[in-house]
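In: Return atomic coordinates for the entry below.
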Amino acid sequence: QGVFASPDNLIQGKVAGVQVINNTGAPGGASTIRIRGISSIRAGNAPLIVVDGVPLSGGSTQPGLNNALGSTPGDNPLNFINSADIASMDILKDASATAIYGSRGANGVIVITTKKGSSGAPKIEFNTQVGVSNMLRQIDVLDAAGYRSALKEYNLSSGDFGGDVNAMDEITRTAFTQNYNLAVSGGNENGKYRLSAGYLNQEGIILESGFKKITANLASSF
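Out: Residues are numbered from 1 along each chain as shown. Just a heads-up that it's a prediction; the model follows:
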């Protein structure tokens, strides 16, 4: 239940021994996933993620930017998957993970299986979700008169630009999230198919922040 921007949100706080921590509050931002805590000091601690039998590299899914202008904030490598397309997520924590995937499974394995088509008449699925985000508690800041009084008290001659606004109201907002998903599936004894598309627009409570995602998936078997 709820609006989820990334598949790792589906297991956050719901699986024993699995920690999912959002690195930043930015929509679509990178997450840290730990299965049974930290097991290595010098090597990586991220679990192996396998989608429909294909291991993921665990890197960002967006182009990097590393020059004089700065660097691109890390995003979630699972952002390219639509949460509505997931049929199941299995967590392998013990030696069974290593036995199947070798040393790559030393930190645990997250196995994601996506939905497939089924025999029968074509079936259309459509769902939409809408959410609202607000700051839980506003931070008390000085008004214009109080700020100018503080500047005078500390004998500061700079910092007064003549404004008279509530700083928190100027940089925050009520953020809306929209999520739409459409899928068509069907098939017969000769083959099955499932075609899906999704659109997610998640605004951040900080102005100019947000995350948009458009996904498309075709699953077929013959």
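In: got the buried residues for the top helix by length along the chain?
Out: Ranked by residue count and defined by DSSP state H, the top helix of the chain is helix 144-153. Going by neighbour count (16 or more other C-beta atoms under 10 Å), the buried part of helix 144-153 is Tyr147, Arg148. The way it works is simple: take the backbone N, C-alpha and C, and place the C-beta from them, glycine included.
In: contacting residues around Gly187?
Out: Contacts were defined as C-beta atoms under 8 Å, 6 or more residues apart in numbering; by that measure Gly187 touches Gly117, Ser118, Ser119, Gly120, Tyr193, Ser221.
In: Report the beta-bridge partners for it.
Out: Beta-bridge pairing for Gly187 (DSSP bridges): Gly120, Lys192.
In: Please report how far it lies from Ile124.
Out: 14 Å (C-beta to C-beta, to the nearest Å).
In: same deal with Ala84?
Out: Distance from Ala84 to Ile124, by C-beta to C-beta: 14 Å.
In: Strands of this structure, start to end?
Out: 18-22, 31-35, 48-51, 54-55, 66-67, 70-71, 86-92, 109-114, 120-133, 175-188, 191-203, 210-221 (DSSP state E).
In: So which of those is nearest Asp143?
Out: Across those, Asp143 has its closest neighbour in strand 175-188 (24.8 Å, C-beta to C-beta).
In: Tell me, how many residues neighbour Leu218?
Out: 10 (other C-beta atoms under 10 Å).
In: Would you agree it is in contact with Ala197?
Out: No: Leu218 is beyond contact range of Ala197, at 9.8 Å (criterion: C-beta atoms under 8 Å).
In: check contacts around Arg34.
Out: Taking C-beta under 8 Å, 6+ apart, one finds Val18, Gln19, Ile21, Asn45, Ala46, Pro47, Asn107 in contact with Arg34.
In: Any idea what it is bridged to?
Out: Gln19.
In: With Ser88 as the reference, measure out to it.
Out: Arg34 sits 21 Å away from Ser88, taking C-beta to C-beta as the criterion.
In: repeat for Val165
Out: Using C-beta to C-beta, Val165 is found at 50 Å from Ser88.
In: again, but for Phe80
Out: 18 Å.
In: and the longest helix of the chain, what does it pack onto?
Out: Using 3 or more C-beta pairs under 8 Å, 6 or more residues apart in numbering; DSSP states H and E as the contact test, no helix or strand touches helix 144-153.
In: got any residues that touch both of Ala84 and Ile124?
Out: Residues touching both Ala84 and Ile124 (C-beta under 8 Å, 6+ apart): Ala183.
In: what's around Asp140, how many residues?
Out: Per other C-beta under 10 Å, the neighbour tally for Asp140 reads 6.
In: scratch that, Thr24
Out: 13.
In: ok, now how distant is Ser6 from Asn155?
Out: The gap separating Ser6 from Asn155 is 50 Å, by C-beta to C-beta.
In: For those two, indicate the residue with more neighbours.
Out: Between Ser6 and Asn155, counted using other C-beta under 10 Å, the more crowded position is Ser6 (26 against 6).
In: Distance-wise, check the more buried one relative to Ile86.
Out: Per C-beta to C-beta, Ser6 is found 11 Å from Ile86.
In: Tabulate the strands of the chain (CSV), appending distance to Tyr147.
Out: Output for these, formatted as CSV (distance: least, C-beta to C-beta, whole Å):
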stretch, distance to Tyr147
strand 18-22, 32
strand 31-35, 37
strand 48-51, 48
strand 54-55, 54
strand 66-67, 37
strand 70-71, 30
strand 86-92, 49
strand 109-114, 49
strand 120-133, 28
strand 175-188, 27
strand 191-203, 29
strand 210-221, 29
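In: Brilliant, that's me finished.
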